[in-house]
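In: Let me see the structure of the following:
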Amino acid sequence: MRTILLYTLIACLLVTGCQQDRPEGATLAQSSKSGPLENSKNVIVIVIDSMTKPVIEETMERGSLPALSFLADRGKVYHDLVAPFPSMSVAIESTLITGTSPKEHKVPGLVWYDPLGDVIVDYGSTLSKYWKLGFNDTLMNTLVHLNSNHISPEVSTIYEDLKIDGRTSGSINLLVYRGDQTHRVTVPGYMKSLLHLPDKIETKGPDLLAFGQAIKPKAVEGAKLDEGIYQKFGLNDSYSAQVTSQLIKKKEQPDFLMVFFPNYDKDAHYHGPVSPEYFAKTDGYLQEILNAYDSWDEALRENIFVIMGDHGQVLLTDKKEEAAIELAPLLIPYQVAPLMDEPSSGDIVIANNHRSAYLYTVAPDLDFIDIANQLQQDKRIDHLAWLNGNELVLYRVGTQGYLRVTEGGEWSDQYEQTWSFEGNEQIADIEVNESDRTISYGDYPDIFHQLYGALSSHSETMIVTAKPGYTLKSEGSPVHNEGGEHGGLHKNDTLTSIIVSGTDKELDERRMEALKGYFLQLLE
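Out: Presented below is the predicted three-dimensional model:
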């Protein structure tokens, strides 16, 4: 999910984004150690927020996706790409560029709690939360700390790996983009004083970095772009397409480029996950990129195109009072501290990721099983999960018993992961095959690995998820009743589509953790 309010805040604050530290006048191709490799193709990855099979198919049936249909007809289409959990863009993008789960890259989600600093880290959700948590902290976490500090230094990103190989890379409008290139950002003096910002703000990114009006590549300086106040200061599909087209036309296209189209996520939130009339608009921006070449066929001769979603969305019930599961009242007599107080001044800390949440115990002698007993009174809640040592403890509201899972064991899944488990298998909606000791997933693709990854990503925590049709509500969190929402564990949250055109290399493993390696293979 991409929060427009946060983007607008950032764009309003930022005046200039310093260009890459290349020699003055050097082109992107000249900054590469080896330059473009002969007979190789560039790779362009376009991430369309909330793109899924149902909206693709319905919009195609109407004949409203000529560009996407062109690429699909000349490529391979997969509708079973699994996102990490929680299904929020910040955690997903971190997985995309590192090839690891949250357990390794250490970005837990859109919102999480840091007990060492006793602060809730929020990369952007609602204006009221910005104010209560502090504009300064929200801005610095999103613009600086996410890419410079929060992603684990123990993992490398695709941008860093390509730099070592002498390849150039770029990112347009993605929130997660860590590379080894320093990008300086300047804010007006009065804003520095108002928000107590440092005099010098730097972030780490790839060779080419564009982030709305905030950070613009030299190739688009002076170009007329959709970056005004009514275009969300460049944080929109049109700007992403315009910058990409300019790079192509000016021969400044890097070997590997990731581009983000954020618009449809907002449309799906308000109008529902399958809204063809809104999704069709995305195709126009894709056409603009293809039109930067003499023909669409030439675009495919020179590039491999990967068009992918980042997650799905679940349609919420149309009654707002039913759609929202208020967590704080369910936790009584335990207290949740107001956002303007120190989180640890309460008994429980809530980090809300919309259709899921992390819960942290602060009060002494308060166990996760105590919280689980409180939350199971609401039948709209789906799963409750935590780690007991190395063992995953899993409950499902409305299903009897428990399920205890450990990594390693005699049961294997389609991703060649092995598990052992005890308890009610219906809790995870898995089918077991006794003859070959395999398990297959139902409504919760890769549920064990997804929960292990999230629960191992930071401090000791518990996960609560909502059933389809519902979302979790806590102070400052949004509710899109009658529209779509994500962040949960269900397949409607975590399954998305990917179209690969311009190569015959199969995508054998359809999990986002595998995509970094796949992208590198495409460049070989």
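In: Quote the end-to-end distance of stretch 455-474.
Out: End-to-end distance of stretch 455-474 (Cα to Cα, to the nearest Å): 20 Å.
In: for stretch 171-179, same thing?
Out: Using Cα to Cα, the two ends of stretch 171-179 sit 10 Å apart.
In: Could you pull out the buried residues of that stretch?
Out: 171, 172, 173, 174, 175, 176, 177, 178, 179 (16 or more other Cβ atoms under 10 Å). C-betas here are computed from N, CA, C, even on glycine.
In: what's in contact with that stretch?
Out: With contact meaning Cβ atoms under 8 Å, 6 or more residues apart in numbering, stretch 171-179 is reached by 2, 47, 89-90, 93-94, 96-97, 107, 123, 142, 146-148, 151, 157, 159-160, 163, 169, 204-212, 234-235, 239-240, 243-244, 257-260, 262.
In: Show the buried residues in those residues.
Out: 2, 47, 89-90, 93-94, 96-97, 107, 123, 142, 146-147, 151, 157, 159-160, 163, 169, 204-212, 234-235, 239-240, 243-244, 257-260, 262.
In: Which ones among these lie within helices?
Out: Members of the buried ones among the contacts of stretch 171-179 lying in helices (criterion: DSSP state H): 89-90, 93-94, 96-97, 159-160, 163, 239-240, 243-244.
In: Just give me the closest of the residues you listed to residue 288.
Out: residue 244 (8.1 Å; Cβ to Cβ).
In: Could you check how far the closest one is from residue 169?
Out: 14 Å (Cβ to Cβ, to the nearest Å).
In: shared neighbours, those two?
Out: residue 257.
In: what's around residue 70, how many residues?
Out: Using other Cβ atoms under 10 Å, residue 70 is surrounded by 20 other residues.
In: is the closest residue to residue 74 other than its chain neighbours in a bridge, and if so with what?
Out: Using Cβ to Cβ, 6 or more residues apart in numbering and skipping residues adjacent in sequence, the residue nearest residue 74 is residue 501, 5.1 Å away. Residues in a beta bridge with residue 501, per DSSP bridges, are residue 75, residue 305.
In: what are the ranges of the strands in the stretch 351-500 of the chain?
Out: Using DSSP state E, counting those that start in this stretch, the strands of the stretch 351-500 of the chain run over 356-361, 381-388, 391-396, 403-412, 418-423, 430-433, 438-441, 462-466, 471-473, 484-485, 495-501.
In: I'd like to know which elements the fourth one is packed against.
Out: Under the contact definition 3 or more Cβ pairs under 8 Å, 6 or more residues apart in numbering; DSSP states H and E, strand 403-412 sits against strand 391-396, strand 418-423, strand 438-441, helix 447-455.
In: so which of these gets nearest residue 84?
Out: helix 447-455 (6.1 Å).
In: In that closest one, which residues are buried?
Out: Neighbour count says helix 447-455 has 447, 448, 449, 450, 451, 452, 453, 454, 455 buried, by 16+ other Cβ under 10 Å.
In: Output the below-cut-off pLDDT ranges for the stretch 51-200 of the chain.
Out: Applying pLDDT under 70 to the stretch 51-200 of the chain flags the ranges 125-135, 185-199.
In: Ok, the chain next?
Out: For the chain (pLDDT under 70), the answer is 1-39, 125-135, 185-199, 213-214, 225-234.
In: Need the residue closest to the centroid of it.
Out: residue 89 (1.7 Å; Cα atoms, centre = their mean).
In: Please tell me how far that one sits from residue 202.
Out: With Cβ to Cβ as the criterion, residue 89 and residue 202 are 23 Å apart.
In: can I assume residue 166 sits in a helix?
Out: No: under DSSP: H, G, I helix; E, B strand; the rest coil, residue 166 sits outside any helix and is assigned coil.
In: Quick one: neighbours of it, just the number.
Out: Around residue 166 there are 12 residues (other Cβ under 10 Å).
In: now do residue 224
Out: Residues near residue 224, counting by other Cβ under 10 Å: 7.
In: Of the ones in helices among the buried ones among the contacts of stretch 171-179, just say which sits nearest to residue 369.
Out: Using Cβ to Cβ, these come closest to residue 369 at residue 90, 29.7 Å.
In: For residue 165, give its distance to residue 256.
Out: On the measure of Cβ to Cβ, residue 165 and residue 256 end up 10 Å apart.
In: and the longest helix for the protein?
Out: Max-length helix for the chain by DSSP H is helix 276-290.
In: Next secondary structure element downstream of it?
Out: helix 296-302 (DSSP states H and E).
In: buried stuff in that next one?
Out: Result for helix 296-302 [16+ other Cβ under 10 Å]: buried residues 296, 299, 300.
In: Stretch 466-485 now?
Out: Going by 16+ other Cβ under 10 Å, stretch 466-485 has these buried residues: 466-481, 483-485.
In: Equivalent analysis for stretch 309-324, please.
Out: 309, 310, 311, 312, 313, 314, 315, 316, 317, 323, 324.
In: Tabulate those (a markdown table), appending distance to residue 491.
Out: A markdown table is the format used below for those (distance: Cβ to Cβ, whole Å):
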| residue | distance to residue 491 |
| --- | --- |
| 309 | 13 |
| 310 | 15 |
| 311 | 11 |
| 312 | 8 |
| 313 | 12 |
| 314 | 10 |
| 315 | 13 |
| 316 | 16 |
| 317 | 18 |
| 323 | 20 |
| 324 | 22 |
